[in-house]
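>>> Got a sequence here, can you model it:
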Amino acid sequence: MGFLDKVTNKVTELAKKAKCATGFHAGTFVPINGQPKCHKEKTCPDCGNHVTAIEHKFPDWKSVEYKEYRSCLKKRKCEYCQHEERKEIHEGFENTWKKDDYCFEIEICTRCEHKKRGSEKHIWEKKIGNYDDDTVTEYCIDCRKERTRKKIKTK
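Okay, here's the model as predicted:
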């Protein structure tokens, strides 16, 4: 074995150790005997560690029914072990045409009536002050937020 082969083998060995040290073990997961199919194990051929993992198999959220009539909560079960996963999925939101104290529109879920912030809707008015430069300062008459913008030139 030549010098270059020894160096290559040493570099390969160090790379395998670094890979295993960071949790990236080689090998293929197989189901554990006596356990549901989602419980898997492997033995790393590089470092000899026994590694286990759980890989649940769930149906797509779109195919899962809502749990209750006026609720946006869905739950799905693993096809192998019946492990449950829950998620709130809103169907859609409608504008209530009301605003909060910061001029964000209030939207409501069409299914469960959950409220969320929509987009900002301000009613701007010019602020009284010095208008000698090329900018105008405005404030919202509802929430008092201010903004400065360039003047619109008229001919």
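
>>> Which parts of the chain are strands?
30-31, 39-43, 50-54, 73-77, 84-88, 93-99, 104-109, 115-120, 124-126, 135-140, 146-150 (DSSP state E).

>>> okay, now C38: neighbour count?
18 (other C-beta atoms under 10 Å). C-beta here means a position set from N, CA and C on the backbone, and glycine is covered the same way.

>>> what about the closest residue to it other than its chain neighbours, neighbour count?
In space, and not counting its chain neighbours, C38 is closest to Y80: 4.4 Å by C-beta to C-beta, 6 or more residues apart in numbering. For Y80, the neighbour count with other C-beta under 10 Å is 17.

>>> and Y80, what is it in contact with?
Going by C-beta atoms under 8 Å, 6 or more residues apart in numbering, Y80 touches P36, K37, C38, H56, K57.

>>> And the pLDDT for D142?
D142 is assigned a pLDDT of 92 by the prediction.

>>> Check K116 too.
95.

>>> R117 and C103 touch, don't they?
No. Using C-beta atoms under 8 Å, R117 is not in contact with C103, being 10.2 Å away.

>>> Look at the two and report which has more neighbours.
Neighbours around R117 and C103, counted as other C-beta under 10 Å, are more numerous at C103. The numbers are 17 against 12.

>>> Name the residues linked to the spatially most central residue of the chain by a beta bridge.
Residue closest to the average C-alpha location in the chain (C-alpha atoms, centre = their mean): K87, at 12.5 Å. Beta-bridge pairing of K87 under DSSP bridges involves K74.

>>> separation between it and C38?
According to C-beta to C-beta, to the nearest Å, K87 and C38 sit 19 Å apart.

>>> do the same with T137
61 Å.

>>> count of neighbours near E84?
Residues near E84, counting by other C-beta under 10 Å: 11.

>>> got the contact list for it?
K75, R76, K77, C78.

>>> likewise K115?
K115 sits next to T96, I106, E107, I108, C109 when contact means C-beta under 8 Å, 6+ apart.
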